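Colleague: What shape does this take:
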Amino acid sequence: MKLSEVLVKPIVTEKSNKLSDQSRTYTFKVDRRANKLEVKKAIEDFYGVNVVDVNTIVVPAKTKSKFTKAGFISGRKPAYKKAYIKVAEGETIDLYSNI
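Modeller: Next up, the predicted model:
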């Protein structure tokens, strides 16, 4: 798997911002087929930081439903893989530089 395919996007929520401020842990949405070693290598190459720890979790699919004029519509949100990356002491990842 190419390193450019491993990282899908950073997850920017209140919880992930709190984790990055308190414990230098950043959250990314990654490809389902990627393993921890590939995620670590991709982060180190793209952001130029030393990764201390990588934790991954597969977020299960969720069913969503809503009532509209056309009637009751139900569907599913797809499952995805999330990675928590902890960087070395004194290093940070600037997620807002591309905006």
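Colleague: alpha carbons only for contacts and neighbour counts from here, please
Modeller: Will do.
Colleague: And the helices in this structure?
Modeller: Counting by DSSP state H, the chain has these helices, from start to end: 3-6, 14-23, 36-47.
Colleague: least reliable of these going by mean pLDDT?
Modeller: Of all the helices of the chain, helix 3-6 carries the lowest average pLDDT, namely a mean of 89.
Colleague: Against which helices or strands is the lowest-mean-pLDDT helix or strand in the chain packed?
Modeller: The element with the least model confidence among the helices and strands of the chain, by mean pLDDT, DSSP states H and E, is helix 3-6, at a mean of 89. Judged by 3 or more C-alpha pairs under 8 Å, 6 or more residues apart in numbering; DSSP states H and E, helix 3-6 is in contact with helix 36-47.
Colleague: Which positions in the helix it packs on come out as buried?
Modeller: 38, 39, 40, 42, 43 (16 or more other C-alpha atoms under 10 Å).
Colleague: need the residues you listed in a markdown table with distance to residue 10, can you?
Modeller: A markdown table is the format used below for the buried residues of helix 36-47 (distance: C-alpha to C-alpha, whole Å):
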| residue | distance to residue 10 |
| --- | --- |
| 38 | 16 |
| 39 | 12 |
| 40 | 14 |
| 42 | 13 |
| 43 | 11 |
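Colleague: In the protein, where is pLDDT below threshold?
Modeller: Low-confidence segments of the chain, defined by pLDDT under 70: 98-99.
Colleague: do that again at 90, thanks
Modeller: Low-confidence segments of the chain, defined by pLDDT under 90, are located at 1-4, 70, 94-99.
Colleague: burial count for the closest residue to residue 20 other than its chain neighbours?
Modeller: Of all residues not flanking residue 20 in the chain, residue 26 sits nearest, at 5.4 Å (C-alpha to C-alpha, 6 or more residues apart in numbering). Residue 26 is surrounded by 23 other residues when neighbours are defined as other C-alpha atoms under 10 Å.
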